[in-house]
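[1] sequence first, predicted coordinates after that:
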Amino acid sequence: MSLISKAEKNLTNLSPRLENVGTLKNIPVVLSDSKGRYLKDQTVDKHPERKIVWWIHSGTTVQQNLQWLQEKAVKTFQDLGQIHITLFIWLGTCDLTFKTGKYIFLKSSDFQVVTDLCQDLRDIYTFIHKFPTVRLIFLQVPFYSIYWWNKFHNHPDPDQFLKKDDILHEQLLEVNKYIITLNEFLGQNSPAFNLDILASRKRHYDLQTSYRTSFALYLDGIHPSPTLAKLWLLRLCLRLNKDCN
C-alpha cells in the first residue's frame, strides 16, 4: 500500500473518532514554525479544530520563539487570568539547517547543534513552568530532507546533499529522543508524526519487511501535503480530550 493510500485510509478510519472529543477545559495553542501553517490551512469550522489557537512564526528557531514567549506571550498568559491553556511546542525544523537564498544547508555535522537545540527546549520548559495555568507539551519534529528541498528548488547538484540528509536524520532522531524524555518528565507524550512517512517493503529473498523514511507525502521536502497535514491535524485533535482536560 502506498503512503498516500495509507494516509487516506487512516483519515477515513480515524475521522469518526472526533465525535468523541468533548468540551475542552484548556485552550489548545500550537506554537510552531512554518509547518504549523499547513495544518492550520486544513482546519474547518467545527469542534475541536476551531478551538485551536495557532502561533506561527515561519523560519524561526527554538531560541527565537523562547525570546518571543518572554517578550510577548507572557502578557497573554497574564491577561487570561485563571483560564488554562495547553501549549504545544512544535519547533526545531529551523535549528539544524540554515537557508541561503532558496537553498538550505546542514548547520553542522557536529552533534553540538543537537545539544544546543535540546538546551533551548529545556529553557522553554523552565520559562513556562512559572505559569501554573499553562500545560506544556512538546511535539516531535518531523523528519525533513535537505536533498528534496533543494531539488524542488532546482539546485544544479542536489545529489551532494544525500549524505547530509543521513546526518540530519540522525540529529533529528536524537532531538526527538530528548523530546520524549522531556514529555515523560511532564507526564505527556506526542503523536509519532514520523510513522506516517515510514514506507515499508517486503524483501523477496527472505520475506522480511524493511522500512525507510519517504517524503512522498511532502510538498517540498519540508512541508506536508494537504493529505498529510490533514492527518497530522487529526492526530493532534484526537489527543485534545486528554491534553486539554
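    Alright, I've got the coordinates.

[2] in this structure Cys94 contacts Gly59, no?
    Yes. The criterion here is Cβ atoms under 8 Å, and Cys94 meets it with Gly59 at 5.8 Å. No exception for glycine: its C-beta is placed from N, CA and C like everyone else's.

[3] so where's the chain shaky on pLDDT?
    For the chain, the stretches with pLDDT under 70 are 1, 201-210.

[4] what's the longest helix in it?
    helix 162-186 (DSSP state H).

[5] could you pull out the helices for this structure?
    With helices called from DSSP H, the chain shows them at 3-14, 35-40, 62-68, 74-80, 112-128, 146-152, 162-186, 226-237, 240-243.

[6] ok, which of these comes nearest Lys99?
    Among the helices of the chain, the nearest to Lys99 by Cβ to Cβ is helix 146-152 (9.2 Å).

[7] JSON lines please, covering the helices of the chain and showing mean neighbour count.
    Formatted as JSON lines, these follow (neighbours: other Cβ atoms under 10 Å):
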{"stretch": "helix 3-14", "mean neighbour count": "14"}
{"stretch": "helix 35-40", "mean neighbour count": "22"}
{"stretch": "helix 62-68", "mean neighbour count": "18"}
{"stretch": "helix 74-80", "mean neighbour count": "12"}
{"stretch": "helix 112-128", "mean neighbour count": "17"}
{"stretch": "helix 146-152", "mean neighbour count": "21"}
{"stretch": "helix 162-186", "mean neighbour count": "16"}
{"stretch": "helix 226-237", "mean neighbour count": "21"}
{"stretch": "helix 240-243", "mean neighbour count": "16"}
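
[8] show me what the longest helix of the chain is packed up against.
    strand 103-106, helix 112-128, strand 134-138, helix 146-152 (3 or more Cβ pairs under 8 Å, 6 or more residues apart in numbering; DSSP states H and E).
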